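[1] model the structure of this input:
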Amino acid sequence: MANLGFIGLGVMGSRMAKRLLDAGHHVTVHNRTKSKADWLIKDGAAWAGTPGEVVAQSEVTFSMVTNTQALEAITQGPDGVLAALGKGKIYVDMSTVSPEKSQQVAKLVAEKGAVMLDAPVSGSVETLEAGNLSVMVGGDEAAFIQVKPYLLDIAPKAAHHVGGNGLAVAMKIATNLSLAVQMLAFSEGVLLAEKSGIKREVAAEVMFNSVIASPMVKYRGPFILDMPDEAWFDVNMMQKDMNLALELAQHLEIPMPTTTITNEFLTAARGMGYADKDFAILFEVLAKMSGVS
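    Numbers count the residues shown, from 1 in each chain. I've put the predicted structure just below:
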């Protein structure tokens, strides 16, 4: 078993740290709000007061933070990740951030004699708890092989090395944009059926058993009938990923028509006061516009 660290204990990060604990590893954790770590500490995790302290006590340090600005916050400064890194250490960032920023941090990590991997996951809280997450990894392949067992403790379904630093984040952004686009299309279909006179739950059930029933539609589609109190992935987080996709597409000169339109409906959701709701609230946005209660 290994001495591992985990920084960022949000909805996903805390559960990832728990999987590492359950696998028998010694896990040192840090979060900006310590109370979010309390349940993990009760389960055996060690607390560190700063990101740097986590790195100092760990062979491999993982992080899962909200956005690019949060990654910068935990890596920079005298108490940050970079200050504590040294030869032989591996830093694995599992956040969805700007590929360019991820590459910049990786260069700074290399200057410390350490190695950084970007390793975002594909899946939700439900897939994580069911052991069905998959992870994509960018960076040094030898380092990937070294940490792969720990990644599979978090995401048993699969761990794919996709190339150099920043490429896994790009792959995650390319994957995530389809989640919101699919949710918007699914919502359009259900509302069309509902306003034609078919009960919403019937229309949804038919679609769950049709050719359009992707894994995303199957696990998030039911939210149009019963929205969870705690968002799995809220509107703000999804729009962050959509904006990253549009920014990358502009740089690569790729047209993104469905991503652009879907992003506008996420903006509408925020305007309606749904920023902290799961992005499946797109259905409610369209329902309100359609006069459906």
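[2] give me the distance between the residue lying closest to residue 268 once chain neighbours are set aside and residue 224.
    Counting by C-beta to C-beta, 6 or more residues apart in numbering, the nearest residue to residue 268 once its immediate chain neighbours are dropped is residue 285, at 5.3 Å. Where C-beta positions appear, they are placed from N, C-alpha and C, glycine not excepted. In this view, residue 285 and residue 224 are 11 Å apart by C-beta to C-beta, to the nearest Å.
[3] was I right about residue 8 contacting residue 65?
    Yes: counting by C-beta atoms under 8 Å, residue 8 touches residue 65, with 4.3 Å between them.
[4] list residues touching both of the two?
    74, 95 (C-beta atoms under 8 Å, 6 or more residues apart in numbering).
[5] who are the contact partners of residue 239?
    Contacts for residue 239 (C-beta under 8 Å, 6+ apart) come out as 263, 266, 267, 270.
[6] among these, which one lies nearest to residue 161?
    Distance to residue 161 across the contacts of residue 239 (C-beta to C-beta) is lowest for residue 263, with 30.1 Å.
[7] biggest helix in the chain by residues?
    If you go by DSSP state H, the chain has its longest helix at helix 167-195.
[8] buried residues in that one?
    Buried residues in helix 167-195, counted by 16 or more other C-beta atoms under 10 Å: 167-173, 175-177, 179-184, 186-187, 189-191, 193-194.
[9] so for stretch 96-106, mean pLDDT?
    Over the span of stretch 96-106, the pLDDT mean works out to 95.
[10] show me how far that stretch is from its chain's centre.
    Put simply, stretch 96-106 sits 15 Å off its chain's centre (C-alpha atoms, centre = their mean, to the nearest Å).
[11] mind listing what's buried in it?
    Using 16+ other C-beta under 10 Å as the test for burial, stretch 96-106 gives 96, 97, 98, 99, 101, 102, 103, 104, 105, 106.
[12] as a check, name the ranges of all strands in this structure.
    3-7, 26-30, 46-47, 60-63, 90-93, 115-118, 121-122, 134-138, 158-163 (DSSP state E).
[13] which helices and strands does the longest one pack with?
    Secondary structure elements in contact with strand 158-163, counted by 3 or more C-beta pairs under 8 Å, 6 or more residues apart in numbering; DSSP states H and E, are strand 134-138, helix 141-154.
[14] can you tell which of those is closest to residue 43?
    Here helix 141-154 is closest among the helices and strands packed on strand 158-163 (C-beta to C-beta), at 14.9 Å.
[15] tell me the mean pLDDT for the closest one?
    Rounded mean pLDDT across helix 141-154 is 96.
[16] per-domain residue ranges of this protein.
    The chain breaks down into these domains under automatic domain parsing: 3-163, 171-290.
[17] deepest-packed of those domains, please.
    Mean neighbour count (mean count of other C-beta atoms under 10 Å) peaks for domain 3-163 among those, with a mean of 20.
[18] endpoints of it, how far apart?
    One end of domain 3-163 sits 26 Å from the other (C-alpha to C-alpha, to the nearest Å).
[19] now do that domain: distance to the chain's middle.
    12 Å.
[20] does anything pack onto the lowest-mean-pLDDT helix or strand in the chain? Which helices or strands?
    Taking mean pLDDT, DSSP states H and E as the measure, the helix or strand of the chain with the lowest value is helix 125-129, at a mean of 81. Counting contacts by 3+ C-beta pairs under 8 Å, 6+ apart, helix 125-129 is packed against helix 11-22.
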